[in-house]
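1. missing the sequence, but the structure's below:
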């Protein structure tokens with residue numbers, strides 16, 4: 001069962017960003033609206049993909065708000 005944990009992974013990548021008004025509550029950096037794509041892979045073969053939009057910090061990379 002422990003071996004199965006290493007066969008499944010999830011990657012998250014940012015495709016486009018636009019500046020947004022506001023600051024990060026964690027570090028005080030600027031915020032931006034980003035189109036995100038999450039893909040889940042099993043044995044390095046992607047079998048699920050989802051696109052969504054989020055407001056992220058430009059300095060620390062924290063997800064401040066997600067629109068899934």
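-> Yep, it's here. Bear in mind that the values here come from a model prediction, so they are computed numbers and not experimental data.
2. and the helix or strand containing residue 36, what does it pack onto?
-> Under DSSP states H and E, the secondary-structure element containing residue 36 is strand 30-42. With contacts defined as 3 or more CB pairs under 8 Å, 6 or more residues apart in numbering; DSSP states H and E, the secondary structure elements packing on strand 30-42 are strand 8-23, strand 45-57. Every residue, glycine included, has its C-beta placed from N, CA and C.
3. what is the orientation angle of it with strand 45-57?
-> Comparing the axes of strand 30-42 and strand 45-57 via axes from the mean of the first three to the mean of the last three CA atoms, to 10 degrees yields an angle of 170 degrees.
4. shaky segments in the protein?
-> 1-6 (pLDDT under 70).
5. nearest to the spatial middle of it, which residue is it?
-> When the chain is reduced to its mean C-alpha position, the closest residue under CA atoms, centre = their mean turns out to be residue 12, at 4.6 Å.
6. who's the closest spatial neighbour of that residue, skipping the chain neighbours?
-> The shortest distance from residue 12 to any non-neighbouring residue, by CB to CB, 6 or more residues apart in numbering, is to residue 38 (5.0 Å).
7. list the contacts for the one you found?
-> Residue 38 sits next to 10-12, 49-52 when contact means CB atoms under 8 Å, 6 or more residues apart in numbering.
8. then residue 10?
-> By CB under 8 Å, 6+ apart, the residues touching residue 10 are 38-41.
9. for the residue nearest to residue 12, list each beta-bridge partner.
-> Per DSSP bridges, the residues bridged to residue 38 are residue 12, residue 50.
10. hmm, back to that, tabulate the helices and strands packed on strand 30-42 in JSON lines, adding columns for distance to residue 33.
-> Supplementary listing: the helices and strands packed on strand 30-42 in JSON lines, determined by distance: least, CB to CB, whole Å:
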{"stretch": "strand 8-23", "distance to residue 33": "5"}
{"stretch": "strand 45-57", "distance to residue 33": "6"}
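11. in JSON lines: the contacts of residue 38, plus distance to residue 30.
-> Listed next are the contacts of residue 38 as JSON lines, based on distance: CB to CB, whole Å:
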{"residue": "10", "distance to residue 30": "27"}
{"residue": "11", "distance to residue 30": "25"}
{"residue": "12", "distance to residue 30": "20"}
{"residue": "49", "distance to residue 30": "29"}
{"residue": "50", "distance to residue 30": "26"}
{"residue": "51", "distance to residue 30": "23"}
{"residue": "52", "distance to residue 30": "21"}
